[in-house]
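In: model the following, please.
(chains A, B, C and D)
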Protein chains: 2
Amino acid sequence: MATMTSADLRVHNQARLLRAVHDAPEPLTRAAAARLLTIGRNTAGALVGELERARLLHEIPAASTGRGRPTTLLVPHPEGPLAFAADIREDSWTLAQIALGGELTELESGEHDRTPAVFTQIREAVERHATDRLAAVGIAIAGPIWDGRWLHISHLGWDAVDLDEHLGDAWPTVIGNDARLAGLAEARRGALRGTGTAMHFHIDFDIGGTLLLAGDSQGGAHNIAGEFGHMPLTGSPLRCMCGALGCWSLDVGTNALMRRFGKAPGYGAGRELGREVLRRAEEGDAKAAKAVDDNAAALGRGLGALANALDPEAISLSGLGVDLIRLRRSLIEETCEAGLMAFRRSEAPPIVAGTVGEIGPLRGAAEIAFDEVLTPEWLGSRL
Amino acid sequence: MATMTSADLRVHNQARLLRAVHDAPEPLTRAAAARLLTIGRNTAGALVGELERARLLHEIPAASTGRGRPTTLLVPHPEGPLAFAADIREDSWTLAQIALGGELTELESGEHDRTPAVFTQIREAVERHATDRLAAVGIAIAGPIWDGRWLHISHLGWDAVDLDEHLGDAWPTVIGNDARLAGLAEARRGALRGTGTAMHFHIDFDIGGTLLLAGDSQGGAHNIAGEFGHMPLTGSPLRCMCGALGCWSLDVGTNALMRRFGKAPGYGAGRELGREVLRRAEEGDAKAAKAVDDNAAALGRGLGALANALDPEAISLSGLGVDLIRLRRSLIEETCEAGLMAFRRSEAPPIVAGTVGEIGPLRGAAEIAFDEVLTPEWLGSRL
DNA sequence: GTTGTTTTGTTCTTACTGAGAACATAACAT
DNA sequence: ATGTTATGTTCTCAGTAAGAACAAAACAAC
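Out: Down below sits the predicted model:
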């Protein structure tokens, strides 16, 4: 609960208004915004007027919906702030531009050589596209990031890469784990919208996720929470490359599928094989089907355990998880239920596929970038 | 972010002030409170004045500490609101009265027959002691409580006891799981004070806990989060009485100790045996020592897994956990570290004994009761 | 013992906020 | 053409916290 003076009040309400516009699934009218924030029409008019003059919001005539004087639609200002979001995958990257409200435009993409030089590539791409409107940059990457600075990405051989050496400070830059950001995207604009407590899991080579509380991804002490894949939830006897024993990720994800077919669980190289296993399972190949079964069962078992601990309203999945729901929904639900405490079974959390899709990490990166902007502090300096 | 008018501002700041007084480890002076809330001395004077007139705060001369005009100490008003807190254990209960700031006075205690009749006993005890000052009642009990209403306490044979049938509505009443409330007490007034992200585990017959974010215990969708003991973290092959398989609680806690000595893991009956095992282990009995070793190792293993997932700043333990830290600190730390992802090991979260002690659940119950009071809504109605 | 220093309390003014009432306006319905 | 409905606009008003200036109460230094 921050300090609040009568002058801060205005900025506070303007931040609420901008947040409402940004979060709304469809453009908000000025009248609807006033109702949503429970402020008077006069106050709404004053707030919007100042935000328009600050080139943050723009009003356009709204199509009339019935009786009553027509109102205006609140849309991002044509000269308003933009966020850039980058998604770094195992050998490629994408840069996109996002406006207030979430409109996303892809700017550029490329390949990289699996070294931290990718950050230079991205920085240069940002510089190519940057204008005065660029307010913040968000980056999604697969791997843990200690305190937003130290990268520990075992499959790229990055041990403790110092981001401060690779990112410029020309723009406020925030970075997050791809699984966390995919979850954040679902919570803000996808399947988990409106939930109080929810969980998201992104299944790729391994499994990562995030606890979402009221639309916010929980970062923990070092902004490195969410490594649910590195809990021993399925009794695997194997040692994980993270250093611990029996991690859930050894049984769920593309690596787990690959291991079934005698391939070393390399990262980045085996995504095609993973897809192939799914395809063969769909076509009736028994060995592939068994591998998918085991993957789904291990997924369900872990979800049940985590639901006991964290009591989510809903659980969403992205990446391979979407395929697993499509192919093995009932198996996942049964194993999840078996792992739930008995009294929870009658109201088990729904397990749903994410609706944001492949661009989840990119969207999530845009969200954390805009979170830097939609603050009373930033707003106060802009007005 | 709630609606805020210039009139709400006053109540908002008064709530902040009362919260500061309640949370402060030592009585706050008016001048210190003004600095803490970063409000002017004039504003502080006005706020305190109104709170004094509303019989919420009282000012007494403060001992002077050096130069400068003497200030006043902000203490609870002699006619101010009180919370009652009850702690229900397996065969006994305690009722206490708590004032703003946390001063706790035990009122009454008794035994019960392990049926929901205990709630009638407590209600009658509350009525015996209630005055106009009683503002809210908080209850701690060992077992999950669905949506604050349905109790599922297997060791008492309570399947879905409806609290609404057993608690009156004469006072606002809130109820919480004892492990969660012990954790809340540590976060507000104990070893976890000031942490952003922390975890607490209460080890009794089994193990329960809570995730604490900025001093708040996370309840989940049905206020029933925190059943970390019912995750399969240690690879136990046994079925748990919760209905799931391989729960952590099968390896940690008094029940786990008892099982080692051929006793059925009953609840409530075996606490003495648990203490006896600890005593014998301290005296050098090999079998007892091994049982304690296994308990501590299983504890550490689970803590490591959970630290990977939730990235706590610190972990505190209560109940049997305090003894385990005393007797087997290094074993717990080693097994925890072995379960951590390698890159986390250099900055593993400290594992500390709770400092609130046995009355943790009672203190936590008082906190949730006062949380009902220290809101802008309650305050607004009182002023 | 006098004087200066430091900290806090008190008073008054001021800039600013959002609410509310009254009225104006622009659509649709009859 | 007239009434209804929802929204925009203008003005007044009660209320907030900040800031400046001053008063008061303690200690420190000489």
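In: any chance you could map the strands in the stretch 101-250 of chain A?
Out: Counting by DSSP state E, counting those that start in this stretch, the stretch 101-250 of chain A has strands at residues A:104-111, A:134-141, A:145-146, A:150-153, A:158-162, A:173-177, A:197-203, A:207-213, A:216-217.
In: so which elements touch the third one?
Out: The criterion is 3 or more Cβ pairs under 8 Å, 6 or more residues apart in numbering or on different chains; DSSP states H and E, and the helices and strands that strand A:145-146 contacts are strand A:150-153, strand A:173-177. C-beta: built from backbone N, CA, C; applies to glycine.
In: each with direction, which strands does the longest one pair with?
Out: Taking DSSP bridges as the criterion, strand A:173-177 pairs within the sheet with strand A:134-141 (parallel).
In: now the angle from the strand it pairs with to strand A:158-162?
Out: 160 degrees (axes from the mean of the first three to the mean of the last three Cα atoms, to 10 degrees).
In: run the chain-centre distance for strand A:134-141.
Out: 13 Å (Cα atoms, centre = their mean, to the nearest Å).
In: same check, this time on stretch A:233-247
Out: Worked out by Cα atoms, centre = their mean, stretch A:233-247 lies 26 Å from the chain centre.
In: what residues does that stretch touch?
Out: A:154-155, A:206, A:227, A:229-232, A:248-252, A:265, A:298, A:301-302, A:305-306, B:231-233, B:235, B:246, B:304-305, B:308, B:338-343, B:345 (Cβ atoms under 8 Å, 6 or more residues apart in numbering or on different chains).
In: and the residues you listed, which of them are buried?
Out: A:154-155, A:206, A:227, A:229-232, A:248-252, A:265, A:298, A:301-302, A:305-306, B:231-233, B:235, B:246, B:304-305, B:308, B:339-341, B:343 (16 or more other Cβ atoms under 10 Å in any protein chain shown).
In: quick one on the thing from earlier: include distance to B:Pro27 when you put the strands of the stretch 101-250 of chain A into TSV, please.
Out: Below are these laid out as TSV (distance: least, Cβ to Cβ, whole Å):
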stretch	distance to B:Pro27
strand A:104-111	54
strand A:134-141	43
strand A:145-146	39
strand A:150-153	42
strand A:158-162	45
strand A:173-177	40
strand A:197-203	36
strand A:207-213	33
strand A:216-217	34
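In: make JSON lines from those and add mean pLDDT and mean neighbour count to it.
Out: Converted to JSON lines, the strands of the stretch 101-250 of chain A look like this (pLDDT from 0 to 100; neighbours: other Cβ atoms under 10 Å in any protein chain shown):
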{"stretch": "strand A:104-111", "mean pLDDT": "96", "mean neighbour count": "14"}
{"stretch": "strand A:134-141", "mean pLDDT": "97", "mean neighbour count": "25"}
{"stretch": "strand A:145-146", "mean pLDDT": "94", "mean neighbour count": "20"}
{"stretch": "strand A:150-153", "mean pLDDT": "88", "mean neighbour count": "20"}
{"stretch": "strand A:158-162", "mean pLDDT": "86", "mean neighbour count": "14"}
{"stretch": "strand A:173-177", "mean pLDDT": "96", "mean neighbour count": "23"}
{"stretch": "strand A:197-203", "mean pLDDT": "98", "mean neighbour count": "29"}
{"stretch": "strand A:207-213", "mean pLDDT": "97", "mean neighbour count": "28"}
{"stretch": "strand A:216-217", "mean pLDDT": "97", "mean neighbour count": "22"}
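In: looking at these, which is nearest to A:Ile122?
Out: With Cβ to Cβ as the criterion, A:Ile122 lies closest to strand A:134-141 of the strands of the stretch 101-250 of chain A, at 7.1 Å.
In: what residues does that closest one touch?
Out: In contact with strand A:134-141 (Cβ under 8 Å, 6+ apart) are residues A:81-88, A:122, A:126, A:151, A:153, A:171-178, A:181-182, A:361-362, A:364-370, A:372-373, A:378.
In: show me which of those residues are buried.
Out: For the contacts of strand A:134-141, buried by 16+ other Cβ under 10 Å: A:81-88, A:122, A:126, A:151, A:153, A:171, A:173-178, A:181-182, A:361-362, A:364-370, A:372-373, A:378.
In: A:Phe119 and DNA strand D, how far apart?
Out: Going from A:Phe119 to DNA strand D by Cβ to the nearest atom of the strand, to the nearest Å gives 41 Å.
In: quick check: that residue touching A:Asp162?
Out: No - in this structure, A:Phe119 is not within contact of A:Asp162 by Cβ atoms under 8 Å, at 10.6 Å.
In: report the contact partners of the nearest residue to A:Leu324 once chain neighbours are set aside.
Out: Excluding the flanking residues, the one nearest A:Leu324 by Cβ to Cβ, 6 or more residues apart in numbering or on different chains is A:Ala296, at 5.1 Å. Contact analysis of A:Ala296 by Cβ under 8 Å, 6+ apart lists A:324, A:327-328, A:331-332, A:335.
In: what helix or strand is A:Met258 located in?
Out: In this structure, A:Met258 sits in helix A:254-260 according to DSSP states H and E.
In: what does that helix rub up against?
Out: Residues from elsewhere that reach helix A:254-260 (Cβ under 8 Å, 6+ apart): A:203-206, A:249-250, A:264-267, A:270-271, A:273-274, A:277-278, A:287, A:290-292, A:294-295, A:298, A:320.
In: for that helix, which positions count as buried?
Out: Those buried within helix A:254-260 under the rule 16+ other Cβ under 10 Å are A:254-259.
In: if we can go back for a sec, quick check: the residue nearest to A:Leu324 vs A:Gly253, distance?
Out: Counting by Cβ to Cβ, to the nearest Å, the separation of A:Ala296 from A:Gly253 is 12 Å.
In: please apply the same query to A:Arg128.
Out: In terms of Cβ to Cβ, A:Arg128 sits 35 Å off from A:Gly253.
In: pLDDT on the biggest helix by length in chain A, on average?
Out: Determined from DSSP state H, the single longest helix within chain A is helix A:286-310. If you average the pLDDT over helix A:286-310, you get 97.
In: A:His222 reaches A:Asn177, doesn't it?
Out: No - contact criterion Cβ under 8 Å: A:His222 and A:Asn177 do not qualify, at 11.7 Å.
In: CA atoms only for the lowest-mean-pLDDT helix or strand in chain A, dumped as PDB, please.
Out: Using mean pLDDT, DSSP states H and E, the weakest-scoring helix or strand in chain A turns out to be strand A:158-162, at a mean of 86. Presented in PDB, the C-alpha positions along strand A:158-162 are these (Å, rounded to 0.1, in the frame of the first residue of the first chain):
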ATOM      1  CA  TRP A 158      25.300 -21.000 -20.500                       C
ATOM      2  CA  ASP A 159      26.300 -21.300 -17.000                       C
ATOM      3  CA  ALA A 160      26.000 -17.900 -15.500                       C
ATOM      4  CA  VAL A 161      25.800 -15.500 -18.400                       C
ATOM      5  CA  ASP A 162      25.600 -11.900 -17.200                       C
END
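In: list the contacts of it.
Out: Taking Cβ under 8 Å, 6+ apart as the rule, strand A:158-162 contacts A:116, A:143, A:146, A:149-153, B:343.
In: wait, which of these is closest to B:Gly190?
Out: The closest of these, once distances to B:Gly190 are taken by Cβ to Cβ, is A:Trp146, at 27.5 Å.
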